[in-house]
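> sequence-free structure coming up:
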């Protein structure tokens, strides 16, 4: 059974810092991995999607990497800003026609 | 529409009443998902529809929960005889589905259900 874990559960950093959020999964046979952002009281916004054949994806100040063999993904946020404060969720999909299995999320606070 | 639309955005009901939550997926998306998110917790899978295939109902917590989807459009999640533990945000997502797409999911804003 696939399980997804995110560490740390919460993180507080000063503005301008580069930071890394971690996601691990127990079954390396994944189809893709997706990172989301969730603001309080809101739905999820897709940030980056990495297919199983890819090693990383970049969008602006965000970079997500994938190491299937070790069951890990990281989300790197460069030059963090207060507007980056949110909960970040990673989710894995084991097949093209399967559901996403979510981690519990990392709640990030970026202090001005 | 441009995104996944859910209604109502907020619903307060009394214990024992039935509720219906609606989801309009992105046009052309064949796959549709329902998730539940209790306060301060992660997302819990409920049900998944893919085209004309039989839905994956493995996440439905009890027989009080059911969902339908009309073709590849609107879906309705019904909760009968609501209980206080049903209080949560119910999130709907859609994706293009099929063998050649990326499988990226797009979520709606959710329906917040409060059972008194």
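Happy to help now that I have it. Bear in mind the structure is a predicted one, so any value in this text is a computation, not a measurement.
> what bits of chain A have low per-residue confidence?
A:97 (pLDDT under 70).
> correct me, but residue A:9 touches residue A:103?
No - with contact defined as Cβ atoms under 8 Å, residue A:9 does not reach residue A:103; the gap is 9.9 Å. (C-beta placed from N, C-alpha, C; glycine too.)
> So for the two, which sits in the more crowded spot?
residue A:103 (25 against 11; other Cβ atoms under 10 Å in any protein chain shown).
> so does stretch B:58-67 get close to chain A?
Yes - Stretch B:58-67 reaches chain A (Cβ under 8 Å from any Cβ of the partner chain) through residue B:59.
> Quick one: end-to-end distance for that stretch.
With Cα to Cα, to the nearest Å as the measure, the first residue of stretch B:58-67 is 12 Å from its last.
> Kindly report the same for stretch B:107-116.
With Cα to Cα as the measure, the ends of stretch B:107-116 fall 27 Å from one another.
> which residues sit against it?
When contacts are defined by Cβ atoms under 8 Å, 6 or more residues apart in numbering or on different chains, stretch B:107-116 is touched by residues A:36, A:41-46, B:3-15, B:19, B:21-23, B:37, B:79, B:82-93.
> Can you go through those residues and name the buried ones?
With burial judged by 16 or more other Cβ atoms under 10 Å in any protein chain shown, the buried subset of the contacts of stretch B:107-116 is A:36, A:43-44, A:46, B:4-6, B:11, B:13, B:19, B:21, B:23, B:37, B:79, B:82, B:86-93.
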